[in-house]
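K.L.:
Got a predicted model here, sequence first, then my questions.
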Amino acid sequence: MVVPVAELHMHIEGSLEPEQIYQLAERNRIDLPYRDIDDLRSRYEFTDLQSFLDLYFANMAVLRTAEDFADLTRAYFRRAAAAGVAHAEFFFNPQAHVARGVPLSAVLEGIMDAVSTSEREFSISSAAIAAVLRDQPVRGAEEMLAEIIRLQAPIVGLGLDSAEVGNPPSLFEDVFARARAEGLHVVAHAGEEGPPEYIWQALDLLGAERIDHGVRALEDPALVQRLVDEEIPLTVCPLSNVRLRVFDTLSEHPLRSMLELGLIVTVNSDDPAYFGGYVDDNFAGLEKELGLTESERDVLARNSIKASFASSARKAELLR
Ligand code: HPA
Ligand code: ZN
């Protein structure tokens, strides 16, 4: 019996595939700074997180209308369904779009249109998480959250992403306190490139319910104990970690050690269009390079359902 998977760490803008970049550029009459699609594809070689973020933000220029965001989100659901995903919680970056002159209302309209029909169209229950750009001024995050609250956006949580090193969670303590007071779930990227200290801060200062990535927790045994004791899930992204050079190869990825330590690990695709694939590709890579067993896969899948913000009824249905 194959247990369905919940994908909990995926940036919808990171599911923008090269073909779709070209289609949307044509639809919106945008000149791309690439010779052709192969020239674009040749740029998907990254040395670290920032080198990826530069291309990720540049390519968002093709996303202009609610329809663009709806199409993008539906394309992800279609591919995720084929990957065995039954529940998806994905990030979007409001600040990146508003800064380009795309109103938050258009972004939300498109994304929520796809979310509202995902169960019927793709048998995927879904929810969106607005992610704060941690390398932008705190004021921008405050304004984004205020606008989300004003629009009564039907999102489930607030996250923290973008360039990690030098931008600690502590900067955003007040923004996340407000989000929690509004009843939003709270998660944060921490310990991808940044130190274990940022994971402590995400837990203690932001009240993070899940840590996105968190692989550098392994450098701090007391932190590992805390994560185990408090059953804080980690949304690990193996292919992403290799493509952004957090680890040299998948065979060196510490995912198995993390499971053995008793951490609640889940497997996710992060930015599937940029990092070599979707959740199924991540599992296939782990099976091939790490010898991931069927029972380990089962544990990871069950972890993902339990770690999700789905209703208890939906979780029970998926765990059956
Ligand atoms: N890390 C931080 N920020 C991001 C990522 C990531 O992997 N993907 C998109 N924004
Ligand atoms: Zn991420």
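P.N.:
Cool, the structure landed. Numbers count the residues shown, from 1 in each chain. Ligands and ions are numbered 1, 2, ... in the order given.

K.L.:
quick one: contacts for the residue of the stretch 51-200 of the chain found nearest ligand 1?
P.N.:
In the stretch 51-200 of the chain, the residue that lies nearest ligand 1 is residue 161 (3.5 Å; Cβ to the nearest ligand atom). Placement of C-beta: from N, CA and C, glycine included. Shown in contact with residue 161 (Cβ atoms under 8 Å, 6 or more residues apart in numbering): 11, 91, 93, 131-134, 189, 212.

K.L.:
Contacting ligand 1 as well, which ones from those residues?
P.N.:
11, 189 (Cβ under 6 Å from any ligand atom).

K.L.:
Can you pull the residues of the protein lying near ligand 1?
P.N.:
11, 14, 49, 56, 161-162, 189, 192, 240, 270-271.

K.L.:
just those now: which is nearest residue 305?
P.N.:
residue 270 (19.0 Å; Cβ to Cβ).

K.L.:
circling back to that earlier point, switch the contacts of residue 161 over to a markdown table; also include secondary structure and distance to residue 260.
P.N.:
Below are the contacts of residue 161 laid out as a markdown table (DSSP: H, G, I helix; E, B strand; the rest coil; distance: Cβ to Cβ, whole Å):
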| residue | secondary structure | distance to residue 260 |
| --- | --- | --- |
| 11 | strand | 29 |
| 91 | strand | 29 |
| 93 | coil | 34 |
| 131 | strand | 30 |
| 132 | strand | 33 |
| 133 | strand | 35 |
| 134 | coil | 31 |
| 189 | strand | 24 |
| 212 | strand | 21 |
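
K.L.:
what's the single longest helix in this structure?
P.N.:
Ranked by residue count, the top helix of the chain under DSSP state H comes out as helix 104-122.

K.L.:
so where do the helices sit in the stretch 1-150 of the chain?
P.N.:
Along the stretch 1-150 of the chain, the stretches classed as helices by DSSP state H, counting those that start in this stretch are 18-27, 37-41, 49-59, 66-82, 94-98, 104-122, 138-150.

K.L.:
can you list contacts of the last one?
P.N.:
Read it as helix 138-150. 94-95, 98, 104, 130, 132-133, 155, 158, 171-172, 174-175, 178-179, 182.

K.L.:
Neighbour-wise, which one of these leads?
P.N.:
residue 132 (30 neighbours; other Cβ atoms under 10 Å).

K.L.:
What about the closest residue to that residue other than its chain neighbours, how many residues nearby?
P.N.:
Leaving aside its sequence neighbours, residue 132 sits nearest to residue 141 (Cβ to Cβ, 6 or more residues apart in numbering; 4.3 Å). Counted by other Cβ under 10 Å, the residues lying close to residue 141 total 26.

K.L.:
Would you mind measuring from residue 141 to residue 155?
P.N.:
14 Å (Cβ to Cβ, to the nearest Å).

K.L.:
Look up phi and psi at residue 308.
P.N.:
phi -80, psi 170 (degrees, to the nearest 10).

K.L.:
so it sits right up against residue 301, yeah?
P.N.:
No: using Cβ atoms under 8 Å as the test, residue 308 is too far from residue 301 to be in contact (11.3 Å).

K.L.:
Now for the two: what residues contact both?
P.N.:
By Cβ under 8 Å, 6+ apart, no residue touches both residue 308 and residue 301.

K.L.:
ok, which stretches of the stretch 151-300 of the chain are strands?
P.N.:
157-161, 185-190, 210-213, 233-236, 264-267 (DSSP state E, counting those that start in this stretch).

K.L.:
What average pLDDT does the third one get?
P.N.:
In this model, strand 210-213 carries a mean pLDDT of 98.

K.L.:
Against which helices or strands is that strand packed?
P.N.:
strand 185-190, helix 196-204, strand 233-236 (3 or more Cβ pairs under 8 Å, 6 or more residues apart in numbering; DSSP states H and E).

K.L.:
can you check the fourth one too?
P.N.:
The helices and strands touching strand 233-236, judged by 3+ Cβ pairs under 8 Å, 6+ apart, are strand 210-213, helix 255-260, strand 264-267, helix 294-307.

K.L.:
Highest average neighbour count across the ones you listed: which stretch is it?
P.N.:
strand 210-213 (a mean of 27; mean count of other Cβ atoms under 10 Å).

K.L.:
Touching that strand from outside, list them.
P.N.:
8-9, 159, 161, 187-192, 199, 202-203, 217, 227, 232-237, 241, 246, 307.
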